[in-house]
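Visitor: Need coordinates for the below:
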Amino acid sequence: MAETPRHTALVRVTHWLTALCFFALLVSGLEIVVSHPRFYWGETGNVLTPALFSLPIPASRGTVPTGYGYVLPDQNGWSRYLHFQAAWLLVLTGALYVAWSAVSGHFRRDLLPERDAARDAASYNALQRLTYLVVIFVLFPLVIWTGLAMSPAFVSALPSTATLAGGRQSARTLHFVLALSLVAFLVIHVAMVWLAGFRRHVTAMITGASPRQEGA
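Guide: This is a model prediction of the structure:
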């Protein structure tokens, strides 16, 4: 079997850093949501404010009405710290990936849909390419923006960050919905990799090349 070049070192490193950061954000984000599983719209929201919607789960704070007769352990301290650190590492990783991809032609060569669909079977199809572009240039920027719109320090410096989102509580609600969208993308992405040949694609993302099948 001959080796077929697939991914550069920078693509591989940023891919796995993004995966690690996303996992850390998902775990810490769940812990943060558990502390107050109610979502609002506008600038303010608390237990005395009617919720836009609530998650049917117990909370880690006894003051939050959930309908459950018990309170979960409060993990809000470490989860917020981890969420903050992972978010900034993800921002830096994403900025490096976007800058390199723009300069190297990676976006044009590997992600922009082509008129000629009869490319190597190992390449991404048009739907996959469009999906990746939406995630990179729409979902991730919106998640970053809504995350910053929840930060009192950032909003005090740039009030429009929260204003454009409809308020800090609106930003929190949008942040949660966008996070769910990214989770859905992750599930679909893993499923597609599995169907297309999990070992071959994961090997390519680790070593930079995947074995070409006989006769390919």
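Visitor: which residues sit against stretch 169-189?
Guide: Outside stretch 169-189, the residues that touch it by C-beta atoms under 8 Å, 6 or more residues apart in numbering are 22, 25-26, 29, 33, 39-45, 52, 131, 135, 139-140, 142-143, 146-147, 149-150, 162, 165-166. Where C-beta positions appear, they are placed from N, C-alpha and C, glycine not excepted.
Visitor: May I see the buried residues of it?
Guide: Buried residues in stretch 169-189, counted by 16 or more other C-beta atoms under 10 Å: Gln169, Ser170, Ala171, Arg172, Thr173, Leu174, His175, Phe176, Leu178, Ala179, Ser181, Leu182.
Visitor: of those, closest to Ala191?
Guide: Using C-beta to C-beta, Leu182 comes nearest to Ala191 of the buried residues of stretch 169-189, at 14.9 Å.
Visitor: quick one: the closest one from Phe22, how far?
Guide: 7 Å (C-beta to C-beta, to the nearest Å).
Visitor: one step back: filter the contacts of stretch 169-189 to the buried ones?
Guide: For those, buried by 16+ other C-beta under 10 Å: 22, 25-26, 29, 33, 39-41, 45, 131, 135, 139-140, 142-143, 146-147, 149-150, 162, 165.
Visitor: Can you tell me the closest non-neighbouring residue to Ala149?
Guide: Ala171 (3.6 Å; C-beta to C-beta, 6 or more residues apart in numbering).
Visitor: which phi and psi does His175 have?
Guide: As for His175, its main-chain torsions (degrees, to the nearest 10) stand at phi -60, psi -40.
Visitor: Can you check the pLDDT for the residue nearest the centre of the chain?
Guide: Using C-alpha atoms, centre = their mean, the residue of the chain that lies closest to the mean C-alpha position is Leu182, 4.8 Å off. Among the per-residue scores, Leu182 shows a pLDDT of 96.
Visitor: Pull up the gap between it and Pro141, please.
Guide: Relative to Pro141, and taking C-beta to C-beta, Leu182 is found at 12 Å.
Visitor: got it, and Ser101?
Guide: Separation of Ser101 from Pro141 (C-beta to C-beta) stands at 15 Å.
Visitor: Then Val187?
Guide: 21 Å.
Visitor: Which strands and helices lie in contact with the strand or helix carrying Leu130?
Guide: Assigned by DSSP states H and E, Leu130 falls within helix 126-134. Helices and strands touching helix 126-134, by 3 or more C-beta pairs under 8 Å, 6 or more residues apart in numbering; DSSP states H and E, are helix 168-207.
Visitor: Spit out the contact partners of Leu148.
Guide: Phe154, Val155, Thr161.
Visitor: Kindly provide the distance from it to Phe84.
Guide: Leu148 is 11 Å from Phe84, by C-beta to C-beta.
Visitor: do the same with Ala196
Guide: 35 Å.
Visitor: got any ranges where this structure has weak pLDDT?
Guide: Counting by pLDDT under 70, the chain has low-confidence residues at 1-5, 113-125, 210-216.
Visitor: try 80
Guide: Residues of the chain that meet the criterion pLDDT under 80 lie in 1-6, 110-129, 196, 208-216.
Visitor: now the strands for it?
Guide: 3-5, 38-39, 53-54, 209-211 (DSSP state E).
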